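*Asks:* sharing a model that was predicted from the sequence below.
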Amino acid sequence: MARTGQEMLRAAFYAYLAQDADAARNTAAMDDMIDSEHKYLTEEVLKLMKKKPELVKAAARLLKLSGYMERMGDHITNICESIIFMTEGSYERLNR
């Protein structure tokens, strides 16, 4: 998720600097990957918590961190929506 988030952020900067709405759309589409990675990690961590209750505290921190990274993808998607508005003058909701 961190790598995907970094790639999204770089791509969003490019889209902004180039004023490229299509690049912003492509960047926002990467949020689906972060969402699926977050879902997978959550499921795996929950399984681990059931098997090893002594790891619940550490696992809970990992879940929280994963949630923050998932939210980062949402914020970058919002930036991409703003880039589209800035370049095309119309609001487009991405990744509902």
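*Replies:* Good, I have the coordinates.

*Asks:* does Glu37 touch Ala2 like I think?
*Replies:* No: at 9.7 Å, Glu37 does not count as touching Ala2 under the criterion of CB atoms under 8 Å. Using the backbone N, CA and C atoms, a C-beta is placed for each residue, glycine as well.

*Asks:* in what helix or strand does Ala15 lie?
*Replies:* In the assignment (DSSP states H and E), Ala15 maps to helix 2-18.

*Asks:* so how far is Met49 from the closest residue to Leu9 other than its chain neighbours?
*Replies:* Leaving aside its sequence neighbours, Leu9 sits nearest to Ile76 (CB to CB, 6 or more residues apart in numbering; 6.0 Å). Separation of Ile76 from Met49 (CB to CB, to the nearest Å) stands at 29 Å.

*Asks:* what does Ala23 give?
*Replies:* 40 Å.

*Asks:* give me the phi and psi for the spatially most central residue of the chain.
*Replies:* Geometric centre of the chain, nearest residue: Gly73, 2.0 Å, by CA atoms, centre = their mean. As for Gly73, its main-chain torsions (degrees, to the nearest 10) stand at phi -60, psi -40.

*Asks:* wait, it sits on Leu9?
*Replies:* No: with contacts counted by CB under 8 Å, Gly73 stays clear of Leu9, the gap being 9.7 Å.

*Asks:* ok, now which ones touch the residue nearest to the centre of the chain?
*Replies:* Met1, Thr4, Gly5, Met8, Met30, Asp31, Ile34, Asp35 (CB atoms under 8 Å, 6 or more residues apart in numbering).

*Asks:* mind checking pLDDT for the fifth one?
*Replies:* Right, Met30. Met30 carries a pLDDT score of 96 in this model.

*Asks:* just to check, Met72 is in contact with Gly5?
*Replies:* Yes: contact criterion CB under 8 Å: Met72 and Gly5 qualify, at 4.9 Å.

*Asks:* more neighbours, these two?
*Replies:* Gly5 (22 against 19; other CB atoms under 10 Å).

*Asks:* which ones are touching the more buried one?
*Replies:* Going by CB under 8 Å, 6+ apart, Gly5 touches Ile34, Met69, Met72, Gly73, Ile76.

*Asks:* take the residues you listed and keep only those in helices.
*Replies:* Counting by DSSP state H, the contacts of Gly5 place Ile34, Met69, Met72, Gly73, Ile76 in helices.
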